[in-house]
Every structure is written in structure tokens, then in C-alpha cells.
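Give me a model of this one.
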Amino acid sequence: RMLSIGSRAGLSTSLSSKLPEPTLRIAGLTARNRAFLALGIRAGERAMAVNATISDSPYIDPAVVIPGSRTGPLQGKTFAVKDLFDVAGYRTGFGNPLWLETHPVASSTAPAVQALLDAGATLRGRTHMDELAYSLNGENMHYGTPRNPAAPGRIPGGSSSGSASACAAGDVDIGLGSDTGGSVRVPASFCGLFGLRPTHGRIALEHARPLAPSFDTVGFFTRNAPLLKAVGGVLLDPASRGPDKLNRWLVGRDAFALAQDDTSPAIYKTLSPQFDRVCEVLGSKPVELDVAAGLQGGLGELTAWFDVFRVCQAGEIWEAHGQWISQHQPSFGPGIKERFDMASRITPEERQASSAKRQAIREHLLQLLGPDSLLTIPTAPGPAPLINTPAAALDVYRRSMISLTCIAGLAGLPQVSVPLTSVEGGLPVGLSLIGPPGSDEALLEVAVGLSELLQLDRE
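Down below sits the predicted model:
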């Protein structure tokens, strides 16, 4: 059934504003929560001048410079690498000084890094990240917060914060990161970048520190869509390539309900002037639907998917890192410390129950998308929060944000974030494209088409 986004008149209208209060409660953003978040962000604005620690550089080690091949599709391009990928001859710090201290020099280079070098790109530095990748903020207690060049005074997003910052600033052409719960998609949206979280397993993860292996992916940023596509051509495994074209455009109504009041209208306003051509790029006229609708067992709301993701991810995280944490007792920053404490208490029974729910969600999404559908959602609820926004306000935002990012994560789906528009005087917000497994190349092609049509590329 065609709804508001399917008509020119409705394109400039906020989807959220049409929803009744019970639906807003389902979305996790009641009027009370929205007011609370706004109050928290204003409090962050007051605290910023006193408490913010902004890193002068996105790099933890700018001296890691390795020339690329003299030939290849990325010849002459530069890239920065997140400090969880091994580079032979250097120690991998994983965003925490005690991890750096307790781990040896890497003897091998991660295949994703080597592939970029072999394709002609030159490595220019290893970048900051959130501690052990367990945050979406980009604020590191030990090393500071890399600048968000697109939104000064606001967080860059994490955990691939430094790679996003370096790319957005024009220091490098490509930012190599990882994405488990949104660690490429969120910084891409906050910093006004193109970003890809690939189909799970399509880019090699060897010699990269894990967070939650069944969710972990190698992702990357660029400032323009053709380069994002070119990097995908280098890194994506061709053997697992899926459909070449996506022919059905779906709009996640319940996902847009999670967005802040100004985000949906900004997206619709950008798409509206050339709506017919947008439909051509996205494969069809849009069909609105509730992504979670029809699922039983308390899974009929996206905010319930957040809880499934939280437990599944946390169980894997403690399995991967619990022994090191228990042995070394590292000092973690606010939010990250509490999440590791929570992860340590996840029981096998909780993991088993959430894994069964995850499988139901995956099957539901595969049926929803079929072989050739493309789902559009806001990448994040809104623009980047201010640095030092109080933790309670960020928790409201985080829950809504992961309720969006977990859609692709729970099912291992590819997702491209496109820097579609801005709000509040130029603060970036991204539109995401999600496709069936293996449709990464098709999504990248759509991103190129949208970018050309709407003139989104930056040099």
C-alpha cells in the first residue's frame, strides 16, 4: 500500500508527526523522552567548554606509513586504518593503553589492509577508536575525541571515530574501519560520509581484533560514492556476490518513527524535488511498511530487536574478551565500563533465548527483502550529539540508534549510509540502504546513482 512517502505531497511531511502517541512509545521516543534528550543535549552544550577533550589528531600513530603498489584501481589514493587491524611490525592498541602494553608486535598485516595496499592505496596512519570497539560515540577516556569536521563540537561517532575524522577532514581518501553494531554507519552519518557495512563474511577479518564475531564486519568510509564503489570492488569477495540489481524500494515506517522530529522531513525534502528520478535509481515507487510487523514472540517492535542484539552481542563480547579483562582489570571509560559489566553477567540461557529470537528476525528480514528489494531507513535518529552530552540522555539516543543499526546486524545484511542531507544549520544526517545478503555491489551502484542525481559527492 502506498503511503505518505509515495506521494509528492507527503514527501515533505514528517512521518513521525503523523504517528499516534502509542506508536511513538513503541519507537522508544515519546514526547517525554524527546524532551529529556533535548535537555540532556543542552546540558552537554554547557558542559562542553569545561569537560570536552578533543584530540588534536585522528591518529594514534601517524608514523605508520606504507606506500601502496604502483599499479591498481586505487593507485594514488590514501587511507587510514582503525587501530584494531594488525600492521606487521607494529603493535595494535585496540583503543586502550593497557591492551597495547599487554600485546606483542604484529607479525602479519590484516588482509583488508594488504588488499588496499596491493590495489595502489598508500597507508597514512593508524587511527583512534573507542575502547575495544564497544561504543558508538567516539569519545575515548584515554586518548580523547577525534574532531568531527562536519559538526564541530559534536561527537564523530564510533567506534571507527578516527578513520571517519581523517576521511571527513580530507586527510585521507579512504577510512578503514569495522562495524559490529554501527561503528561505520553511525560515524558516516555524523560526519557526512559515505560508509559501507558489508554482508557479514564478505571481507576477510583475519588479523583484526574481534568484538562480537557473528556481527563483526570490515567497513570503510569515503567522501564520494564512486570511490566507495571502487573500494568495494577491491575488498568484497566476488565469490559471494548476490543480485546485481534491486528492483523494489521499501521504506521502513517504524524505522523512520525512531528518528528525531527534524530528521525525516529533511530526508523527504531532499528526495522530493526529483522524486520520479529518485524512484528510477531506487528501483520502483516506494512502498511503506513496518519492518518488524508480523513477528511473534514480542518481536513486533524494533525496540525489542535492540534487546535481542544487546544480549547476543554482549555474550559474544565477554566470550572474546572476558578472560583478558578479568586478568588485567583495565580502566574503561564511562558507558564502556558499564557495558562490559553487563556483558559479564549474561547467562547461557539468556544467550540461547536471544539467539533463537535472532534467527526468527533473520528469517523474517530475508523473507521481507526477498532477492531484489532495497529497504531505506535513517542511518541514525538524528545528527551527532554534542561532546559530553550526559550519559542518561545518550542512553536514550543509543537505544533508538541501535534499534536502527541492529536491523542489518542481526541478519548479517549489507548497508550503505549515504550523506543525504543536513539539519540544524548544516549538521549531517544519513539515509541508509539495506539489501539482501550479497547485494553490496548493487547497493553501491544505487549510492552512486543517488549521489550523481542529488550531487552528494565531495572531493
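
residue nearest the centroid of the protein?
The chain has residue 185 as the residue nearest its centroid, 2.1 Å off, counting by Cα atoms, centre = their mean.

That one contacts residue 414, doesn't it?
No: the criterion here is Cβ atoms under 8 Å, and residue 185 misses it with residue 414 at 10.8 Å. The C-beta positions use only the backbone N, C-alpha and C, and glycine is treated the same way.

Touching both of those two, which residues are there?
residue 197 (Cβ atoms under 8 Å, 6 or more residues apart in numbering).

now the closest residue to residue 307 other than its chain neighbours, what's its secondary structure?
In this structure, residue 307 finds its nearest non-sequential neighbour in residue 354, 7.8 Å apart by Cβ to Cβ, 6 or more residues apart in numbering. Three-state call for residue 354 (DSSP: H, G, I helix; E, B strand; the rest coil): helix.

So residue 354 sits against residue 312, correct?
Yes: proximity of residue 354 to residue 312 meets the contact threshold set by Cβ under 8 Å, at 4.9 Å.

Those two: which has the busier surroundings?
Taking other Cβ atoms under 10 Å, residue 354 and residue 312 do not tie; residue 312 has more neighbours (24 against 21).

quick one: which helix or strand includes the more buried one?
helix 302-328 (DSSP states H and E).

Buried residues of that helix, list them for me.
Using 16 or more other Cβ atoms under 10 Å as the test for burial, helix 302-328 gives 302-318, 320-321, 325.

cool, and stretch 240-254?
Using 16+ other Cβ under 10 Å as the test for burial, stretch 240-254 gives 242, 243, 246, 248, 249, 250, 251, 252, 253, 254.

same thing with stretch 75-88?
Quick answer for stretch 75-88 (16+ other Cβ under 10 Å): 77, 78, 79, 80, 81, 82, 83, 84, 85, 86, 87.

Pipe those residues into JSON lines and attach secondary structure, distance to residue 269 and pLDDT per row.
Shown next, in JSON lines, are those (DSSP: H, G, I helix; E, B strand; the rest coil; distance: Cβ to Cβ, whole Å; pLDDT from 0 to 100):
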{"residue": "77", "secondary structure": "coil", "distance to residue 269": "33", "pLDDT": "98"}
{"residue": "78", "secondary structure": "strand", "distance to residue 269": "35", "pLDDT": "98"}
{"residue": "79", "secondary structure": "strand", "distance to residue 269": "34", "pLDDT": "98"}
{"residue": "80", "secondary structure": "strand", "distance to residue 269": "33", "pLDDT": "98"}
{"residue": "81", "secondary structure": "strand", "distance to residue 269": "37", "pLDDT": "98"}
{"residue": "82", "secondary structure": "strand", "distance to residue 269": "34", "pLDDT": "98"}
{"residue": "83", "secondary structure": "coil", "distance to residue 269": "38", "pLDDT": "98"}
{"residue": "84", "secondary structure": "coil", "distance to residue 269": "38", "pLDDT": "98"}
{"residue": "85", "secondary structure": "strand", "distance to residue 269": "39", "pLDDT": "98"}
{"residue": "86", "secondary structure": "coil", "distance to residue 269": "44", "pLDDT": "98"}
{"residue": "87", "secondary structure": "coil", "distance to residue 269": "43", "pLDDT": "98"}
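
contacting residues for residue 379?
With contact taken as Cβ under 8 Å, 6+ apart, residue 379 is in contact with 185, 186, 188, 189, 404, 405, 417, 429, 430, 431, 432.

Now, of these, which are buried?
Looks like the contacts of residue 379 have 185, 186, 188, 189, 404, 405, 417, 429, 430, 431, 432 buried, using 16+ other Cβ under 10 Å.

any low-confidence regions in this protein?
1-56 (pLDDT under 70).

Please identify which of the buried ones among the contacts of residue 379 is nearest to residue 156.
Lowest distance from residue 156 to the buried ones among the contacts of residue 379 (Cβ to Cβ) belongs to residue 186, with 9.3 Å.

Touching, that closest one and residue 378? I think so.
No: using Cβ under 8 Å as the test, residue 186 is too far from residue 378 to be in contact (11.3 Å).

returning to that earlier point: any chance of the buried ones among the contacts of residue 379 in a markdown table with distance to residue 270 as columns?
A markdown table is the format used below for the buried ones among the contacts of residue 379 (distance: Cβ to Cβ, whole Å):
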| residue | distance to residue 270 |
| --- | --- |
| 185 | 18 |
| 186 | 20 |
| 188 | 16 |
| 189 | 14 |
| 404 | 18 |
| 405 | 21 |
| 417 | 14 |
| 429 | 10 |
| 430 | 11 |
| 431 | 8 |
| 432 | 14 |
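
Out of these, list just those in strands.
417, 429, 430, 431, 432 (DSSP state E).

In TSV, list those along with distance to residue 173.
Listed next are those as TSV, based on distance: Cβ to Cβ, whole Å:
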residue	distance to residue 173
417	17
429	23
430	19
431	22
432	22
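
Next, count neighbours for residue 214.
16.

How about the one 10 residues further on?
Other residues lying near residue 224 total 19 when counted by other Cβ under 10 Å.

my read: it touches residue 451, true?
Yes: Residue 224 lies in contact with residue 451 (Cβ under 8 Å); the separation is 6.8 Å.

okay, and the common contacts of those two?
Common neighbours of residue 224 and residue 451 (Cβ under 8 Å, 6+ apart) are 194, 457.

quick one, strands of the stretch 1-150 of the chain?
Secondary structure of the stretch 1-150 of the chain by DSSP state E, counting those that start in this stretch: the strands cover 59-66, 78-82, 122-127.

Name the strands paired with the first one and say parallel or antiparallel.
Looking back up the chat, that one is strand 59-66. Here strand 59-66 has these sheet partners by DSSP bridges: strand 122-127 (antiparallel).

can you check the shortest one too?
Next to strand 78-82 in the sheet, as set by DSSP bridges, lie strand 122-127 (parallel), strand 174-179 (parallel).

Quickly compare the strands of the stretch 1-150 of the chain and say which is most buried.
Ranked by mean neighbour count, the strands of the stretch 1-150 of the chain are led by strand 78-82 with a mean of 28 (mean count of other Cβ atoms under 10 Å).

Report the outermost residue of the chain with respect to its centre.
Distance to centre of the chain, Cα atoms, centre = their mean, peaks at residue 70 (31.9 Å).

Correct me if wrong: that one contacts residue 120.
Yes: with contacts counted by Cβ under 8 Å, residue 70 reaches residue 120, the gap being 7.1 Å.

what residues are up against the residue nearest to residue 307?
If a contact means Cβ under 8 Å, 6+ apart, then residue 354 has 307, 308, 311, 312, 315 as its contacts.

Generate TSV for those, with distance to residue 172 as supplementary columns.
Supplementary listing: those in TSV, determined by distance: Cβ to Cβ, whole Å:
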residue	distance to residue 172
307	37
308	36
311	36
312	33
315	35
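
so which of the residues you listed would you say is closest to residue 425?
Among these, residue 307 lies closest to residue 425 (Cβ to Cβ), at 35.1 Å.

Cool, thanks, signing off.
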